[in-house]
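Please find the sequence and the predicted model below.
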Amino acid sequence: MSNQQGGAVPPSTGFSALLRFIKTDHRYVLLGTSAIACLGMWFSSQVRSTWSFLAPVYTLEVVMYYTLFAFVVFSAVALVNKLVHWKDYATTSWFVSTRAKKIERIASYVVVALTIILAVDRVVMGFGSIVAGSVGAQANPDGFLPSAVYMVYQGRGIFARGIATTIELAVFGTVIAFFLAVLLVFIRIQKIDRPDNDFVRFLKVVGVGFAKLYSAVVRGTPMMVQSLLIYFAGFAVLSSTGMSAGEIRAIWSTFIAGLVTISLNSTAYMMEVLRGGIEAVDGGQNEAARSLGLSQWQAMTRVVFPQGIKNAIPALSNELVVNIKDSSVLSVIGVFDLMFATTTVAGIYYRQLAVYAVATVCYLILTMIASKLLGMLAYHLEVSSPGPVLSTSDMTHTTGVAGAKADPTKVVVHKAPVAKASRKGSGSTQSAPSSKSAQSSKSANSSKSTKSTER
């Protein structure tokens, strides 16, 4: 909530809202609180850990248990009363009176507090007890959770190295792929113009054909197969120079091969994403830029490309999340990523289920952090935040375009590099004249066109 003058929210607003919530009678308080009470009773029935702070005060816990049970009984009585007096329950039942509602509200807060105490004692303190026992164990203990904690602690160095490698592959691979994709998409969208000579036309045809072939081959084959081909092809090329196996591994390591694989694979997908973002820019933008006196190169680099890249930012940023997950296939060539580290630990202790569950949690945490950071970036750039992407192939259909196409009556001219637009939206566009007026007043408005180009 904000004050009437539109100023900052006072710090006490959140506390005031909490007080209002506590003092307000809520609907279905008996039903919802009964479910919480049953959860608290279930916590109380669980085995106490060695860290339990309720174990020394068993009598207090018994009182807490029967307090929760009493509320459930009270709710059951209210339910029976409502069923018996279904038609006139709202007017005749004591449970809907003001005094009864106040009692129910206060009792519900007591139930919530007791359930939280029991949850902390059984869940939080229980997990702490398991961690302490597993860390100090001399051998891999029985049980899913103790075994998982033990293997994570004993193999913490292996997991840390694997996580670091996964992050490096995803981040650097995505950055390299972006610049390669910008180059390829520029080649991909080239069209033959009348002023082009035969040599330029030949280069454009070959370039467009190469970009199409590259996209089809990379997107049509699995990354696992690509990684094997790239690694062994590089090894074979270096072997032909007479280098020994040790010298080759020093130059062509599995990490370098994995980074090349992710970069080349992501380039094909990001190129299609960029092409979709550029094609979403209205054709009138390019025509308006040309009418202002910009060359084809200037129109593409200062008008079309900046808008197209901004349109494609959500889908481009999703490629980072995809690469975090897809990097797991690089373990087939020996890249020491998170998947390779997980397989190594599983081979040491022969507890596959627990250790792969740990890997699942690690991947989930990494992707959630990346998604959060990308959402902040999208907000900073004033574009739609990236949505969930299940796989890289999803982005061939969802280009991440912000929505409607750009207004063809306005041309946005950017300097290189593209300056960040003001959040207030001041002065970033200029109305473009029509073709006839531009031709008739070209000499008179040449200075204005030059200023527009510079801006």
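Yes, it's here.

Next, give phi and psi for Arg275.
Arg275 adopts backbone torsions of phi -60, psi -40, taken as degrees, to the nearest 10.

what separates it from Leu213, distance-wise?
Separation of Arg275 from Leu213 (CB to CB, to the nearest Å): 15 Å. For every residue, glycine as well, the C-beta is placed using N, CA and C.

ok, these two, which is more surrounded?
More crowded of Arg275 and Leu213, by other CB atoms under 10 Å: Arg275, with 21 against 10.

helix, strand or coil for the nearest residue to the more buried one once chain neighbours are set aside?
Spatial nearest neighbour of Arg275, chain neighbours left out: Val185 (5.2 Å); criterion: CB to CB, 6 or more residues apart in numbering. Secondary structure for Val185, judged by DSSP: H, G, I helix; E, B strand; the rest coil, is helix.

Show the contacting residues for Val185.
211, 271, 274-275, 278 (CB atoms under 8 Å, 6 or more residues apart in numbering).

Spell out the residue ranges of the strands in the chain.
410-411, 430-431 (DSSP state E).

Compare those and say which comes out lowest on pLDDT.
With a mean of 40, strand 430-431 has the lowest mean pLDDT of the strands of the chain.

Can you tell me, leaving aside adjacent residues, what's nearest to Trp181?
Quick fix: residue 181 is Ala, not Trp. Distance criterion CB to CB, 6+ apart; nearest residue to Ala181, sequence neighbours excluded, is Met270 at 3.7 Å.

which of the contacts of Val185 lies closest to Ser147?
Of all the contacts of Val185, Met271 has the smallest distance to Ser147: 45.2 Å, by CB to CB.

hmm, back to that, my guess is the residue nearest to Ala181 meets Asn318, correct?
No - using CB atoms under 8 Å as the test, Met270 is too far from Asn318 to be in contact (10.1 Å).

Trp321 and Glu168: what is the separation?
For residue 321 the amino acid is Val, not Trp. From Val321 to Glu168 the distance is 16 Å (CB to CB).

ok, the two, which is more surrounded?
When neighbours are counted by other CB under 10 Å, Val321 and Glu168 differ, and Val321 comes out ahead with 22 against 15.

Isn't the more buried one up against Gly375?
No - contact criterion CB under 8 Å: Val321 and Gly375 do not qualify, at 11.0 Å.

From Ala346, how far off is the residue nearest to Ala354 when sequence neighbours are not counted?
The shortest distance from Ala354 to any non-neighbouring residue, by CB to CB, 6+ apart, is to Ala148 (4.0 Å). The gap separating Ala148 from Ala346 is 11 Å, by CB to CB.

Pull up the overlap in contacts between those two.
Residues touching both Ala148 and Ala346 (CB under 8 Å, 6+ apart) are Val355.
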